[in-house]
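Novice: Here's my sequence, what's the structure:
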Amino acid sequence: MANQRPVYDIYDEEFANNLQIAKNLVSKLSSRTDKQICKKWIGKLCRLKSDDPVVKKNRNAFFKYLLEILSKAILDAATDMGIGAEHQEKVDDDHFMCKWSEDKRTYIAAKPLPGQGALIYMAVTRYPNLGWDRF
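Specialist: Numbers count the residues shown, from 1 in each chain. All right, here's what the predicted structure looks like:
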């Protein structure tokens, strides 16, 4: 057991892997604006420095979700060629997603905006017992 790495190193390794995946996905985006938005959010994740494993776990959960949204945006861009506006609204509604962390300290919501990027919201609290998950 002396050779077992601390949990937070595993989170850092997972983050590095996600970063490589993100670089590949961002390069596939056709819109320059979308690329800038993604780079901004990835940059924020890279600047988040903490030794707390819970912070790293939540950072990685948000990053995974961002990768899911990126993947869906790339797939949607490839399949949306020629789709009418009435169908486009249905696609938007189907892709809205929100998620709570298991400890109820982090909330993430995102909705792709085809041709414009994504609307992403994230909230974090130290005190989940305040009950803000009920609103």
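Novice: L67 touches Q20, doesn't it?
Specialist: No. Applying CB atoms under 8 Å as the test, L67 and Q20 come out as separate, 10.7 Å apart. Where you see a C-beta, it was placed from the backbone N, CA and C, and this is true even at glycine.
Novice: These two: which is more packed in?
Specialist: Neighbour comparison, L67 and Q20: the larger count goes to L67, with 17 against 9 (by other CB atoms under 10 Å).
Novice: Tell me the spacing between that one and L130.
Specialist: According to CB to CB, to the nearest Å, L67 and L130 sit 30 Å apart.
Novice: for I108, phi and psi?
Specialist: Geometry field for I108 lists phi and psi as phi -130, psi 130, criterion degrees, to the nearest 10.
Novice: For this structure, which helix extends over the most residues?
Specialist: The residue-count maximum for a helix in the chain (DSSP state H) belongs to helix 53-79.
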